[in-house]
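Asker: what follows is a protein structure lacking sequence information:
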């Protein structure tokens, strides 16, 4: 049985900070859309719950 992982608040905070350092987003909605895609991919493909 495969364990389903969900991103933690700490991981979400790290991800948001990391993306803001890497790229300047003119529209905050673009940032949240990108984060949404990354989280969805993380939650469906991770095997160990490690965001990195």
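Answerer: Yep, that arrived. Please read all numbers here as calculations on a predicted model, not as lab measurements.
Asker: find the residue at the geometric middle of this protein.
Answerer: residue 39 (4.0 Å; Cα atoms, centre = their mean).
Asker: what segments of this protein are helices?
Answerer: Per DSSP state H, the chain carries helices over the ranges 9-22, 28-45.
Asker: pretty sure the residue nearest to the centre of the chain is touching residue 7, no?
Answerer: Yes. In this structure, residue 39 is within contact of residue 7 by Cβ atoms under 8 Å, at 5.2 Å. Quick note: C-beta positions are derived from backbone N, CA and C, even for glycine.
Asker: what do these two both touch?
Answerer: Listed contacts common to residue 39 and residue 7 are residue 15; contacts here mean Cβ atoms under 8 Å, 6 or more residues apart in numbering.
Asker: returning to that earlier point: can you redo the helices of the chain as JSON lines with mean pLDDT?
Answerer: Shown next, in JSON lines, are the helices of the chain (pLDDT from 0 to 100):
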{"stretch": "helix 9-22", "mean pLDDT": "91"}
{"stretch": "helix 28-45", "mean pLDDT": "89"}
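Asker: follow-up on the earlier one: and the residue nearest to the centre of the chain, how close does it get to residue 23?
Answerer: Distance of residue 39 to residue 23, computed by Cβ to Cβ, to the nearest Å: 17 Å.
Asker: repeat for residue 9
Answerer: Here residue 9 is placed at a distance of 22 Å from residue 23 (Cβ to Cβ).
Asker: again with residue 12
Answerer: Residue 12 is 17 Å from residue 23, where distance means Cβ to Cβ.
Asker: and the two? which has more neighbours close in?
Answerer: Between residue 12 and residue 23, counted using other Cβ atoms under 10 Å, the more crowded position is residue 12 (14 against 10).
Asker: OK, contacts around that one?
Answerer: Neighbouring residues of residue 12 by Cβ under 8 Å, 6+ apart: 35, 39.
Asker: with residue 47 instead?
Answerer: Residues in contact with residue 47 (Cβ under 8 Å, 6+ apart): none are found.
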